[in-house]
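> Sequence below, structure please.
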Amino acid sequence: MSRIGKKPIEIKKGVTVEVKDGVIKVKGPKGDLIQTYDPRISIKVENNQVILERSSDEKQVRALHGLYRSLIQNMIIGTTEGYTRKLEIIGVGYRAEWKGRGLQLALGYSHPLFFIPPKDVKIEVPQPTSIVVSGIDKQLVGQVAAKIRSFRPPEPYKGKGIKYEGEVILRKAGKTAGK
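Sure, this is the predicted structure:
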């Protein structure tokens with residue numbers, strides 16, 4: 001049995017979970033999330049817990065068992081607490097600012113980059129060298145943060161670029177001097 005899938009999920013106060021017709025809906029204080037699920041996995045809501053069971057022991061069904069348990073857990077956490085990803089900008093002249101309804105980035109290119117986030121994701125720029133991406137959908141927050149990072153990933157020689165907070169950049173040695 002899946003170690004992750006067999007654990008029941010506690011439903012926190014203020015959260016309602018509805019399951020019907022292959023769709024699970026989680027409503028919480030921060031918003032609503034909807035997820036479809038495979039019919040080979042059965043989901044029950046009992047005694048303030050969500051319990052998942054699988055129909056067979058096929059390899060794919062076992063994988064889905066743990067997957068849907070994690071997705072539902074992330075939905076419950078997202079609708080109560082939310083998710084954030086922090087990005088740091090390193091480099092001389094590299095900066096970010098919020099302009100109008102989008103994020104403007106100066107990253108050493110000949111032109112500034114403009115990024116308009118999806119409506120479910122909130123972007124804050126507390127300092128010109130840091131960006132905070134937040135929202136209730138863990139996957140979407142991570143995807144937006146990865147997209148922003150992809151505009152200028154950190155390079156291994158000086159470490160310039162956009163990196164996640166706490167990310168360690170493995171540095172390479174530069175050129176060595178001649179004789």
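> residues making contact with the top helix by length along the chain?
Among all segments of the chain classified by DSSP state H, the helix with the greatest residue count is helix 59-80. With contacts defined as CB atoms under 8 Å, 6 or more residues apart in numbering, helix 59-80 is touched by 2-7, 9, 11-12, 14-15, 17, 24, 26-33, 35, 37-38, 40-41, 43, 50, 52-55, 83, 135-139. No exception for glycine: its C-beta is placed from N, CA and C like everyone else's.
> Identify each buried residue in it, please.
Applying a neighbour-count criterion of 16 or more other CB atoms under 10 Å, the buried positions in helix 59-80 are 61, 64-69, 71-80.
> Residue 27: helix or strand, and which one exactly?
For residue 27, the host element (DSSP states H and E) is strand 23-28.
> Tell me the helices and strands packed up against that strand.
Other helices and strands packing on strand 23-28, by 3 or more CB pairs under 8 Å, 6 or more residues apart in numbering; DSSP states H and E, are strand 16-20, strand 31-36, helix 59-80.
> Check the offset of it from the chain's centre.
Between the mean C-alpha point of strand 23-28 and the mean C-alpha point of its chain there is a distance of 18 Å (CA atoms, centre = their mean, to the nearest Å).
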